[in-house]
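Chemist: What shape does this take:
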Amino acid sequence: MISKKMEIQLDKDQQAMKQSLLQFLLRFESFLSKAEIQLIVDHSTIRRFKKGTYLLKEGEVAKHCYLVLQGCVREYLVKNGEEKSTAFYTEEQPVNSFTSATNKSKAKHNLVCVEDCILTIGTSSLEEEMCVLIPRLRSVIRMEVEKHTGEFQDEMSKFITSTAEERYQDLLENRPDLFNRVPLHQIASFIGITAESLSRIRKRITTKKS
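Modeler: Residues are numbered from 1 along each chain as shown. I've put the predicted structure just below:
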């Protein structure tokens, strides 16, 4: 049985998490009113997830989408018995498995928390419910999907046309926090090389700087 003191602490924790979501949503204040933003916060489900928790496993059908308020989620697939990192999602980034969710097909990748995380949890039915309550929300969602799709296309083009060292340098410049949050062997697979090759690149760059 949960004590009154614990109930109060849980309530405070939930309020703090909802405040984080509110701060994120306020960036859309030019499209949505404060009352509409608060309505979204009130209807949102926010949970803590322990490091190592799987949000989706290969072979499952995706039923939820997420927004990272705190923490890091890794996306990876297994090829020839080896894990290949395909994405790292950190604060204020959405986590979706569109193909699996839309087609009700089995996911080909895994989603796992590589840190303790605070995530919002969404479903297609909740999204539809909120769009009925807030009609303008549809255009905001479409705008965000188009933005992230464009960013993904740019990242793919950059990945295909760059060398491993250039990919590493790009991560250093644009996502330096990953190196303190993610094991180097996972970063190596993310940029398409072995851990040994990454070690050589890091050593070569350090030598050039010195």
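
Chemist: ok, and the closest non-adjacent residue to Lys57?
Modeler: In this structure, Lys57 finds its nearest non-sequential neighbour in Asn110, 5.5 Å apart by CB to CB, 6 or more residues apart in numbering. Any C-beta I mention is one placed from the backbone N, CA and C, and that applies to glycine too.

Chemist: so how far is Glu60 from that neighbour?
Modeler: Taking CB to CB, to the nearest Å as the measure, Asn110 falls 9 Å from Glu60.

Chemist: Where does pLDDT dip in the chain?
Modeler: The model of the chain has pLDDT under 70 over residues 1-10, 210.

Chemist: helices or strands next to the helix ranked longest in it in the packing?
Modeler: Secondary structure of the chain per DSSP state H: the longest helix is helix 137-161. Using 3 or more CB pairs under 8 Å, 6 or more residues apart in numbering; DSSP states H and E as the contact criterion, the elements in contact with helix 137-161 are helix 124-133, helix 164-174.

Chemist: Can you show me the strands along this structure?
Modeler: Under the criterion DSSP state E, strands of the chain are mapped to 45-49, 54-56, 65-70, 73-79, 82-89, 94-95, 110-113, 117-122.

Chemist: Direction included, what does the third one pair against?
Modeler: Think strand 65-70. strand 94-95 (antiparallel), strand 117-122 (antiparallel) (DSSP bridges).

Chemist: likewise the second one?
Modeler: According to DSSP bridges, strand 54-56 forms sheet pairs with strand 110-113 (antiparallel).

Chemist: if we can go back for a sec, single out the most deeply packed of the strands paired with strand 65-70.
Modeler: Among the strands paired with strand 65-70, strand 117-122 has the highest mean neighbour count (mean count of other CB atoms under 10 Å), at a mean of 21.

Chemist: Check the offset of that strand from the chain's centre.
Modeler: Computed by CA atoms, centre = their mean, to the nearest Å, the chain-centroid distance of strand 117-122 equals 9 Å.

Chemist: got it, and stretch 146-159?
Modeler: Relative to the chain's own centre, stretch 146-159 is displaced by 15 Å; criterion: CA atoms, centre = their mean.

Chemist: what do you get for stretch 42-55?
Modeler: Worked out by CA atoms, centre = their mean, stretch 42-55 lies 12 Å from the chain centre.

Chemist: related to what we said a few turns ago, could you dump the strands of the chain into CSV with distance to Ser157 added?
Modeler: What follows is those, written out as CSV (distance: least, CB to CB, whole Å):
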stretch, distance to Ser157
strand 45-49, 32
strand 54-56, 26
strand 65-70, 24
strand 73-79, 19
strand 82-89, 16
strand 94-95, 21
strand 110-113, 24
strand 117-122, 29
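
Chemist: can you tell me which of the strands paired with strand 65-70 comes nearest to Leu32?
Modeler: For the strands paired with strand 65-70, proximity to Leu32 was assessed by CB to CB; strand 117-122 is nearest, at 16.0 Å.
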